[in-house]
Structure formats: C-alpha cells, structure tokens
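>>> structure, please.
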Amino acid sequence: MAQYKFIGANVAEEKNPFRIAQQQFDEAADFLKLEKSLREKLREPARVFQAKLKIKLDSGKTKEFEAFRVQYNDARGPCKGGIRFHPEETLDTVKALAAWMTWKCATVGIPYGGGKGGVICNPKELSEKELERISRAYVQAFWKHFGPDIDVPAPDVYTSGREMAWMLDEYEKLVGHKSPAMITGKPLELGGSLGRDAATGMGTVICIREAAKHLKLDLKKATAAIQGAGNVGGWTGKLLQQMFGTKIIAISDSKCAIHSENGIDIEKALAHKEKTGALHGFAGTKCITNEQLLELGVDVLVPAALENQITKENVSKLKCKLIAEAANGPATKEADEFLKKSKIFVIPDFLCNAGGVTVSYLEWVQNRTGYYWKLNEVNEKLDAVMTKAFHSVLDFSEKNKIYTRTAAYVLAVQKVAEAMRLRGKA
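All right, here's what the predicted structure looks like:
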C-alpha cells in the first residue's frame, strides 16, 4: 500500500468525538455549499439537558451520577438515540453520537431526528438494584423531554432490554398511561420487536455483503477480524459465519484479543466468554492486543468497539481490503484522511451500524399500530432498507468521485437541510 504523510503531523491528533463530527459535517456542508444560517444550526445540537442523579447505593450511602440527554435535530421526526452507561462518558461524546444519529436516520431514510443519552457510571461496579435506581432516576430527570412523538430512547453501551423495561415502567408511572412506543429495544413481553438483538450486527453484515459484491470479494473464502465482542461484534461474527462461512481469525473484548489463523468458532468463543467472563483462554487461540488485531492481514476488518481506535499512528499499518465500521466514530479525522487516499473500501459508521435504529423504527411502528411482524418479515424489511441505503451511498460516491464517508454525509445533510428549509428554519 502506498504511504501518505500527514499534514501537520506534529500537531496533537484530534480525538474529541464532537469536534470530529463537526469536521466531517463541515466537509459535507462545503460540498453542498450550505447557506451560513443552516450550517450554524446543523453544527450544534438543538437542545442539551444535564442532570445529577442522586442514588442510594446498597451500602446505604448516597452517590451522584452525572447524566445527559442531547436532542441534536428533529426536523425529520422525533429524536432517536440510545442511552449508554459508561465510566468515561462525556458530554462531547454524547453530542457527537446525537449528531451521527441524525445523519444515520437520514441516510437510511427513516423519519427520525437524532438524539443520545448517557450516564457517567461503571455498571461493572454496580448491583442490579443500583442500576435499576439509576435507570429510573434518569427517566425522572428527563421524562418531560421523552415521548413517541418527541424523543425515543433505546439501549446502547452497557444498557439492554432490562434497563429499557425499567425506564418504560417509570415513564408510564409519570405520564399515567401505557406508552410502549416511547422507548425501543424492549423485551418482547413489553412490546419489543423480534430481530432487535441481532439488528445492528445484521445491518453490518448486509452492508458487508453488498460491499463484497462491489469489490468482487467472495465472503465464503474471505478472512475477517472483529474488534469488540459485545452485542454488535458478537452478532456480526456469528452472522458472517452462519450466512457465508467467513473465516474469522480474531475477535476481542476489553481485556484482550484472541487470534487463530485456522479460524475461530464465534458462537463457542462467546459461550466461553459468557462462562468465564473473558475471551482469554479459549481453546486453540492465542492472546494478542486490540492494536495487533487491527493490523492483521484480513479481507474484512470490523471495528465494533468504541471511538478513536484507528488513528494516525496505526492507520498506515492496516492490511485489510474492507473496513465495516460497526462502532460509532472508530477512526479519527487524521486517520480518515489517510483512508480517503488508500485502496481500503470503508463502509462509514452511520451507514454500517444503522441496522439497530432501523429495527428500532420498526419496533416503534409496531407499538403504534399494535400489530407485530414475524422475524422473517422484520429481517426482510431491514434488508431492504440497508441495501437501498448502501447503494445510494455507493452510487453517489462513484458518480461524484468522492470518499464513501463524504458521500454518506452529503446525502444525509442534504435531507436534513431540506427538511429545515421546508419548515422555514433555514
């Protein structure tokens, strides 16, 4: 692969996710020659809410947890976005994720705006009862800003259907009536949708399938490495193996990555992790670092962990043909400048990982109508949405000879900007 120098490489690399999101937006705005008033409005969130959640711990002590909810833009519909519980959560991360959610919903053409929420806490150090108190306190803090036609939360990092059930129950207590469509990612018994657990991984695999066709890459003979063994990384790995027989030679969790040139049975590896608490020690594999995983010689690389994993320090060492960004913001802006000029095909994050919000939308529709689809119907609808969105981005990229991320941004920003104009908010 050709080597590229970074301009201003002696300057500290920008790793603030919101600044990165703004820089990416600016590139699309420049391409569209977006008017100044709209550019200013779309560079910043419409509303930011903050609260201190005072929680009684099991020990009897009281502790405060900082919480956020960001509503970035609602020109195309109610805000939509997950709530993550993470010890390193920041307001700028939540703002970036809300911005990306805005563009994600527009990219796949679902009638939502973008939002995001977070609580600074370490779920691994909290009991189930403490997590329930935080979940209910979060709703108590922000419930007036939630609702099926206002802002619809969902699970995210370290949250699941369990937390959504607590939040739904608390919200319904406060409003005094049933409202299953106010939150998605719920357990099936409370109005959740079939296919939701696998949705982000399924959407990622659909995008990989379409990109492989474009690149003339046979997924049955391809190799892959997956950074992250959570819901998204786990399902992406399982589905790649089940649907195509792709050989996955590495997968990682927060402690280490496991590697085997002979391939890893992802289902068995995840069962080992469930039993022991880590991937480390899975039979037939050796431990490597997350950094080494990214640099393996594979056809498909799937960053499915946190932000800023591909940086200016490691991007020139990547040996893959295709990057499927299942995580939000896995590449820094400086790394992205390198990827633009490289031969690596990138499926940008807010296209690649839009399967989750797409099935959340289908869940919301089912809740509002009271009619629920079978799993194959949900998956067919998801496939249709993701395939159409992928080819819209690919066609625009090729027609205008621009990078795939820029193409996705331009298409998304164009839709949101037009909605703003039609509402007289330009």
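>>> all contacts plus neighbour counts: C-alpha atoms, from now on.
Noted.
>>> in the longest strand anywhere in the chain, which residues are buried?
Longest strand in the chain by number of residues (criterion: DSSP state E): strand 62-73. Using 16 or more other C-alpha atoms under 10 Å as the test for burial, strand 62-73 gives 66-73.
>>> any idea how far residue 188 is from residue 180?
11 Å (C-alpha to C-alpha, to the nearest Å).
>>> what about those two, which has more around it?
residue 180 (24 against 11; other C-alpha atoms under 10 Å).
>>> ok, the more buried one touching residue 189?
No - counting by C-alpha atoms under 8 Å, residue 180 stays clear of residue 189, with 10.8 Å between them.
>>> could you check the angle strand 62-73 makes with the helix or strand that contains residue 107?
Assessed by DSSP states H and E, residue 107 sits inside helix 91-108. Interaxial angle, helix 91-108 versus strand 62-73 (axes from the mean of the first three to the mean of the last three C-alpha atoms, to 10 degrees): 40 degrees.
>>> just how off-centre is helix 91-108 within its chain?
9 Å (C-alpha atoms, centre = their mean, to the nearest Å).
>>> for stretch 19-37, same thing?
With C-alpha atoms, centre = their mean, you get 21 Å for stretch 19-37.
>>> export the buried residues of strand 62-73 to TSV and tack on pLDDT and distance to residue 402?
Shown next, in TSV, are these (pLDDT from 0 to 100; distance: C-alpha to C-alpha, whole Å):
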residue	pLDDT	distance to residue 402
66	98	40
67	98	38
68	97	35
69	98	34
70	98	31
71	98	30
72	98	26
73	98	26
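>>> dump those into CSV; add distance to residue 84 as well.
CSV is the format used below for these (distance: C-alpha to C-alpha, whole Å):
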residue, distance to residue 84
66, 12
67, 10
68, 10
69, 10
70, 12
71, 15
72, 16
73, 19
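>>> where in the stretch 151-300 of the chain is pLDDT low?
Judged against pLDDT under 70, the stretch 151-300 of the chain has no low-scoring part.
>>> for it, just list every one of the helices.
161-175, 199-215, 231-244, 266-276, 290-294 (DSSP state H, counting those that start in this stretch).
>>> for the stretch 301-426 of the chain, what spans make up the strands?
Here the stretch 301-426 of the chain has its strands, by DSSP state E, counting those that start in this stretch, at 322-324, 345-347.
>>> now those as a markdown table including distance to residue 263?
What follows is those, written out as a markdown table (distance: least, C-alpha to C-alpha, whole Å):
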| stretch | distance to residue 263 |
| --- | --- |
| strand 322-324 | 18 |
| strand 345-347 | 23 |
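>>> show me what the helix holding residue 107 packs onto, helices and strands only.
helix 17-32, strand 62-73, strand 79-86, strand 114-120, helix 349-352, helix 355-369, helix 375-400, helix 404-422 (3 or more C-alpha pairs under 8 Å, 6 or more residues apart in numbering; DSSP states H and E).
>>> for residue 52, what is the enclosing helix or strand?
Going by DSSP H and E, residue 52 is in strand 47-56.
>>> what does that strand contact?
Here strand 47-56 makes contact (C-alpha atoms under 8 Å, 6 or more residues apart in numbering) with 62-72, 130, 133-134, 137-138, 141-142.
>>> put the alpha carbons of it into PDB.
Output in PDB follows, covering the C-alpha atoms of strand 47-56 (Å, rounded to 0.1, in the frame of the first residue of the first chain):
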ATOM      1  CA  ARG A  47     -31.100  21.000  22.900                       C
ATOM      2  CA  VAL A  48     -28.800  19.700  25.700                       C
ATOM      3  CA  PHE A  49     -30.100  18.500  29.000                       C
ATOM      4  CA  GLN A  50     -28.000  17.700  32.000                       C
ATOM      5  CA  ALA A  51     -28.800  16.400  35.500                       C
ATOM      6  CA  LYS A  52     -27.200  15.000  38.600                       C
ATOM      7  CA  LEU A  53     -28.900  11.600  39.500                       C
ATOM      8  CA  LYS A  54     -28.800  11.200  43.300                       C
ATOM      9  CA  ILE A  55     -28.800   7.400  44.000                       C
ATOM     10  CA  LYS A  56     -29.000   5.400  47.200                       C
END
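>>> on that earlier part again, format the helices and strands packed on helix 91-108 as JSON lines; extra columns: distance to residue 102.
Formatted as JSON lines, the helices and strands packed on helix 91-108 follow (distance: least, C-alpha to C-alpha, whole Å):
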{"stretch": "helix 17-32", "distance to residue 102": "11"}
{"stretch": "strand 62-73", "distance to residue 102": "7"}
{"stretch": "strand 79-86", "distance to residue 102": "8"}
{"stretch": "strand 114-120", "distance to residue 102": "4"}
{"stretch": "helix 349-352", "distance to residue 102": "9"}
{"stretch": "helix 355-369", "distance to residue 102": "11"}
{"stretch": "helix 375-400", "distance to residue 102": "15"}
{"stretch": "helix 404-422", "distance to residue 102": "8"}
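>>> can you check which of those gets nearest to residue 335?
helix 17-32 (11.2 Å; C-alpha to C-alpha).
>>> need phi/psi at residue 74.
With angles defined as degrees, to the nearest 10, residue 74 sits at phi -130, psi 30.
>>> correct me, but it touches residue 111?
No - judged on C-alpha under 8 Å, residue 74 makes no contact with residue 111 at a distance of 9.4 Å.
>>> residue 270 contacts residue 234, correct?
Yes - using C-alpha under 8 Å, residue 270 makes contact with residue 234 at a distance of 7.2 Å.
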